[in-house]
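*Asks:* Structure for the following, please:
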Amino acid sequence: MSSPPSSSPCHLPSTDGRSWPRLAPLGVDGLLVSFGDRLGETANRAALSFRAAVQSAGLQGLAETAASLASVYLRFDPEGFDPAKAEQAVCALLASRDWYGAELPKGRRLWRIPCIFDPALAPQLAEAAQAAGMTVEAAIRSITRTRLRVQTIGFAPGQPYLGELSAEWDIPRQTRLTDRVPVGALCVAIRQMVLFSVSTPTGWRHVGQTAFRAFRPDSDQPFVLRAGDEVLFVPAPAETYPSLCESGPDGGATVEPIA
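*Replies:* Residues are numbered from 1 along each chain as shown. Sure thing, here's the model as predicted:
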């Protein structure tokens with residue numbers, strides 16, 4: 001097997017003048033295509049669009065792909081893997097269009113998920129709203145009126161990172177961990193929201209609670225949300241939470257195709 005190249009000539013300028021995207025070897029059988037060094041709408045759009053194009057392109061030896069917030073990982077079958085040929089094919093695809101302005105992949109869906117913002121179930125909403133310079137009421141309006149894209153799935157099985165919120169929500173994570181948030185917790189930091197698929201400690205502030213189960217290990221599709229899907233959180237009264245939990249793993253959510 002040939003050794004991977006140390007650098008790539010595959011640099012295309014982005015709108016901010018830096019040299020993106022960038023292509024680099026990763027491990028013994030992979031390539032990493034990066035569309036920026038930080039999260040942004042255009043970098044995430046490019047990553048999602050490019051991954052979909054790669055999956056449709058039929059690149060020789062491609063074994064799997066995965067998209068993060070602003071990059072795409074490509075793993076090739078190590079048997080007969082030729083890094084130079086793989087890089088050439090990926091570079092050609094990168095050069096074929098402006099990925100920062102590309103359309104998002106087909107097959108995306110809009111989810112409307114009921115969410116409780118009562119203090120008993122959203123214990124850090126007031127704190128997060130204050131950090132964002134908003135009243136609690138304004139914070140709820142901001143969250144529930146924003147269609148949030150599933151930017152990537154990560155950290156825990158089926159767990160979506162959702163964004164972006166308005167600039168006021170560029171608030172840091174906590175300096176201390178919350179001991180544990182429940183499944184279905186909606187948490188916020190750095191203009192993103194995370195809908196927790198498992199119960200876990202976190203540094204993100206717990207600002208809402210849903211009955212939605214993003215990870216369903218006994219299902220044919222255990223990861224319910226997909227990168228590129230969009231989510232609207234619909235305010236629901238606290239007294240409806242038990243019935244939402246009893247209604248099934250969707251927790252009262254509805255879903256429709258995005259035209």
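*Asks:* and the nearest residue to T210 once chain neighbours are set aside, how many neighbours does it have?
*Replies:* Closest residue in space to T210, ignoring its immediate chain neighbours: G184 at 4.3 Å, by CB to CB, 6 or more residues apart in numbering. Yep, even glycine has a C-beta here, placed from its N, CA and C like the rest. Residues contacting G184 under the criterion other CB atoms under 10 Å number 25.
*Asks:* What of R173?
*Replies:* 14.
*Asks:* my read: the residue nearest to T210 touches A211, true?
*Replies:* Yes - taking contacts as CB atoms under 8 Å, G184 lies within contact range of A211: 5.6 Å.
*Asks:* residues shared between the contacts of these two?
*Replies:* Residues touching both G184 and A211 (CB atoms under 8 Å, 6 or more residues apart in numbering) are G251.
*Asks:* Number of residues surrounding L165?
*Replies:* Neighbours of L165 using other CB under 10 Å come to 21.
*Asks:* From S49, how far out is it?
*Replies:* From L165 over to S49 the distance is 22 Å, taken as CB to CB, to the nearest Å.
*Asks:* which stretches of the stretch 1-150 of the chain form strands?
*Replies:* Ranges of strands in the stretch 1-150 of the chain, per DSSP state E, counting those that start in this stretch, are 22-26, 30-34, 62-67, 71-76, 109-116, 148-153.
*Asks:* I'd like those laid out as TSV, including distance to S197.
*Replies:* Shown next, in TSV, are the strands of the stretch 1-150 of the chain (distance: least, CB to CB, whole Å):
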stretch	distance to S197
strand 22-26	26
strand 30-34	25
strand 62-67	17
strand 71-76	21
strand 109-116	13
strand 148-153	9
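*Asks:* In CSV: these, plus mean neighbour count.
*Replies:* CSV is the format used below for the strands of the stretch 1-150 of the chain (neighbours: other CB atoms under 10 Å):
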stretch, mean neighbour count
strand 22-26, 18
strand 30-34, 21
strand 62-67, 17
strand 71-76, 22
strand 109-116, 21
strand 148-153, 23
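*Asks:* Of all these, which one comes closest to A238?
*Replies:* Nearest to A238, of all the strands of the stretch 1-150 of the chain, is strand 109-116, at 5.3 Å by CB to CB.
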